[in-house]
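Colleague: Fold the following and give me the result.
(one chain, ligands or ions: 1)
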Amino acid sequence: MTEKTIFSKIIAGEVPCDEVYQDSKCLAFRDIQPQAPIHILVIPKKAIPSLKEVSASDKELLGHLLLIASDLAKKEGLENWRTVINTGAEAGQTVFHLHLHVIGGRPLNWPPG
Ligand code: 5GP
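Modeller: Residues are numbered from 1 along each chain as shown. Sure thing, here's the model as predicted:
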């Protein structure tokens, strides 16, 4: 069995988080090391390692995550924000449980590093 990620432990309630939203399919909480005034992570409760491992059966779930990310960004009062999904270690992924970053509250440069 593969070892549980920190996000699976958060979903299981074994590790605390600053939760902002949850439903039957996903959980959203504030990043422990925020990169901007608002930095929320939206994660599926299903343990998918990254966007590399998704399949057609995840279509509805993936759409749901984006809709929740949009709702939460607006609830936080953001008019501009960035939604990021790092995929693979060389792209900056450090936790191998799929997650969307919702980052905003300051000007964001492009291209990212
Ligand atoms: P990644 O680098 O994989 O795209 O993003 C992982 C994110 O998870 C990072 O921004 C990191 O700060 C955040 N993170 C890692 N461990 C924890 C934790 O225990 N609690 C919270 N709230 N965020 C975490």
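
Colleague: So residue 76 is in contact with residue 70, correct?
Modeller: No. Look at residue 76 against residue 70 with Cβ atoms under 8 Å: they stay out of range, at 11.0 Å. Using the backbone N, CA and C atoms, a C-beta is placed for each residue, glycine as well.

Colleague: elements contacting the longest strand along the chain?
Modeller: Longest strand in the chain by number of residues, with DSSP state E as the criterion: strand 38-44. Applying 3 or more Cβ pairs under 8 Å, 6 or more residues apart in numbering; DSSP states H and E, we find strand 38-44 packed against helix 6-11, strand 26-30, helix 59-75, strand 100-104.

Colleague: tilt between that strand and helix 59-75?
Modeller: Here strand 38-44 runs at an angle of 160 degrees relative to helix 59-75 (axes from the mean of the first three to the mean of the last three Cα atoms, to 10 degrees).

Colleague: now strand 38-44, how far from the centre of its chain.
Modeller: 4 Å (Cα atoms, centre = their mean, to the nearest Å).

Colleague: That one - which strands sit beside it in the sheet, and in what orientation?
Modeller: Strand 38-44 has the following strand partners under DSSP bridges: strand 26-30 (antiparallel), strand 100-104 (antiparallel).

Colleague: deepest of these, which one?
Modeller: strand 100-104 (a mean of 22; mean count of other Cβ atoms under 10 Å).

Colleague: Get me the contact residues on this protein for the ligand.
Modeller: 6, 15, 17, 29-33, 41, 86, 92-95 (Cβ under 6 Å from any ligand atom).

Colleague: at 8 Å instead, please
Modeller: With Cβ under 8 Å from any ligand atom as the criterion, the chain meets the ligand at residues 6-7, 10, 15, 17-18, 29-35, 39, 41, 84-86, 92-96, 99, 101.
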